[in-house]
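**Student:** Here is a sequence together with a model predicted from it:
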Amino acid sequence: MSAPEFGADVPHRRVDADDWEGIYVVGDVHGCHEELEQLLDELGVTDDDLVVFVGDLVRKGPDSEGVVSLVRNAPNMLTVRGNNEEKLIRGDKRLDELTEEQMEWIRNLPVAISWEDAFVVHGGVDPQKPLSEHSIKELETFRKFEDADGEKAYWWEAYRGPRRVFFGHTPLSAPVDRRYAVGLDTGCVYGNELTAYDWRNDEFVVVEPEEAVEKRAESKWVEPAASAQ
């Protein structure tokens, strides 16, 4: 399948899957450096494997600088820009521990990364319009859409491809595991799990934090419907 067609203003990086032995997609890290190291060990990542992050490497957790340093300096690690990176770029939030070189790296992150028939964005896609019509903000923050009957639903419940989308942004009690959508933000910073998806072997790998860094009300967790559609 050819590369997806994003809007002209959307920074997009295309990857050749044949260059890598394994491909792993990792959910929102949010500064949880220790848990990320544990997850990479659990995956057994080598220099021949590619690790792609869904964004939100930073903020909320204890060591954003450590996470940025790890991903930035690894030739086999890539990440898209999440809404928390965007907040730093806009100046809405600050992380004084990040150097200017690290901030410049964040400013130049792509909004989408793709290979074969899959792509990674932080938020999601609107199933009611072409990918080429999505703004950067939508790709970083999209969660729900309103259907023709005025009902609101999570986008992944209605999305039918043809490409498989890996995403974060929405704290989930468990991963979204559907044919065309895989949600990986399982709320590590809130004490749940840090989740990776092994693309070659079609399986999830998780690690659990020792404690929650931030509290999150039970009512704010999204419980994915049990469907592999």
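**Tutor:** Sure, I can see it.

**Student:** SS state for the residue located most distally from the centre of the chain?
**Tutor:** Relative to the centre of the chain, the most outlying C-alpha is that of D149, 30.1 Å out, by CA atoms, centre = their mean. What DSSP: H, G, I helix; E, B strand; the rest coil gives for D149 is coil.

**Student:** do you know how far it is from Y24?
**Tutor:** In this view, D149 and Y24 are 39 Å apart by CB to CB, to the nearest Å. To be clear about C-beta, it is placed using only N, CA and C from the backbone, and glycine gets the same treatment.

**Student:** L139 - nearest residue in space that isn't next to it in sequence?
**Tutor:** V121 (4.4 Å; CB to CB, 6 or more residues apart in numbering).

**Student:** I'd say that neighbour and G82 touch.
**Tutor:** No. Counting by CB atoms under 8 Å, V121 stays clear of G82, with 9.3 Å between them.

**Student:** Who has more neighbours out of the two?
**Tutor:** V121 (33 against 30; other CB atoms under 10 Å).

**Student:** any idea how far the more buried one lies from W199?
**Tutor:** V121 is 16 Å from W199, by CB to CB.

**Student:** likewise D41?
**Tutor:** 19 Å.

**Student:** Could I get the contacting residues of H134?
**Tutor:** 6-7, 10, 125-126, 142 (CB atoms under 8 Å, 6 or more residues apart in numbering).

**Student:** Most neighbours among those, which one?
**Tutor:** V125 (25 neighbours).
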